[in-house]
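[1] give me a model of this one.
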Amino acid sequence: MRIDVDAFKVLQVLVEEGSFAKASEKLHKAQSAVSYQVKKLEQHLGVSLFNRDQYRAELTPEGRVILAEGQRLLQHLANIEHLASRFSEGWEPKLELVIDGALPMEPIMTALKRMAEHKVPTKIQLNMEFLGGVQHRFERDNADLMLVKDYLAGPNYHPKALPTITSILVASRQHPLVTVNNVSLTELQQHVELTIQDSSPQRLIRDEMQFGGDKVFYLSGFIMKKNALLKGLGFGWMPEFLIQEELQSGELKTVDFLGGHRFSFTPQLVSTLERPLGRAGQLLTELILDEFTRFELQGSKELSSTGLG
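    Sure thing, here's the model as predicted:
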């Protein structure tokens, strides 16, 4: 025999109203029907829920515990009904994004905050990878969106260009490379290069900005790389947005490499036609594009004010 979920609603009203008569009036049911529903629940559970010796309908200790659990059950059911209603409006149950760690998190987090303000019922999962690891995880996990520095294009991919990101070749102010003008490739290769490891098992994307020397430290993220640079462990490329303060204070300085100390790339926000975006995915795409544009404009103003641009 299954528990009558509606009986918990009756219990709740009974406690609120204090008597079977008032509860039946509020529920628009006959008092005998309310009494029968409570009695049936007691028989099913094998415990007395109400103390019938009192003038008011008072719960027994067991009844209080069971009502508390019943209220949680009713809330869960209400949540399910709400979610089902939202999903029927086109909201997908889950949305998964894979993000390259070379991209700024601020516009992504702001976009997610705006998403939350829409009270979207979709659960969102973010994963961070590097280089070819982004596309590898996107395909392996059947994710919905990837924000990627570079990827292997295909007929089913649907990319949207994000604002350009600039990286700068830097080292600590104590590093010998920052005191040399017109540094050659041979001179660079005599020092430790700090770089980010491709997180894909097959190393899908070759990092063309590596310098080919034997002295290479592979690090697992840009925070670690930034700390290594500040410690003077070596030189390397860093996204400009991550080191503006250190450049301004002089803790990090550009390396005057003959081949250039700045390069820019255009990241892409990519979905696939094999997994069409639902309402949440489309909304998040719009918000991310909007926030990246704002981030680019804000960054340009800050660079102009500091004289680093």
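
[2] can you show me the strands along this structure?
    For the chain, the strands defined by DSSP state E occupy 50-51, 58-59, 94-100, 123-129, 145-148, 157-161, 165-172, 193-196, 216-219, 235-239, 252-254, 262-265, 268-272.

[3] quick one, phi/psi of residue 49?
    Dihedral angles phi and psi of residue 49 (degrees, to the nearest 10) take the values phi -90, psi -30.

[4] measure it to residue 130 for me?
    Counting by C-beta to C-beta, to the nearest Å, the gap between residue 49 and residue 130 amounts to 58 Å. Where C-beta positions appear, they are placed from N, C-alpha and C, glycine not excepted.

[5] before we move on, what about residue 277?
    Taking C-beta to C-beta, one finds residue 277 at 24 Å from residue 130.

[6] likewise residue 175?
    When residue 175 is compared with residue 130 (using C-beta to C-beta), they lie 24 Å apart.

[7] for the residue most central in space within the chain, give me the pLDDT.
    Against the mean C-alpha coordinate of the chain, by C-alpha atoms, centre = their mean, the closest residue is residue 126 at 3.6 Å. Here, the pLDDT recorded for residue 126 equals 95.

[8] that one is in contact with residue 97, isn't it?
    Yes: look at residue 126 against residue 97 with C-beta atoms under 8 Å: they come within range, at 5.2 Å.

[9] pLDDT weak spots in the stretch 51-200 of the chain?
    54-55, 82-89 (pLDDT under 70).

[10] picking that back up, out of residue 277 and residue 130, which sits in the busier spot?
    residue 130 (22 against 18; other C-beta atoms under 10 Å).

[11] ok, that one - contacts?
    Contacts for residue 130 were tallied using C-beta atoms under 8 Å, 6 or more residues apart in numbering; they are 100-102, 196-199, 220-221.

[12] need the buried ones from the residues you listed selected in ChimeraX.
    Per 16 or more other C-beta atoms under 10 Å, the buried members of these correspond to this ChimeraX selection:
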select :100,101,102,196,197,198,199
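
[13] I'd like the contacts of residue 130 as TSV, with distance to residue 68 appended.
    Listed next are the contacts of residue 130 as TSV, based on distance: C-beta to C-beta, whole Å:
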residue	distance to residue 68
100	47
101	45
102	50
196	51
197	51
198	52
199	46
220	46
221	45
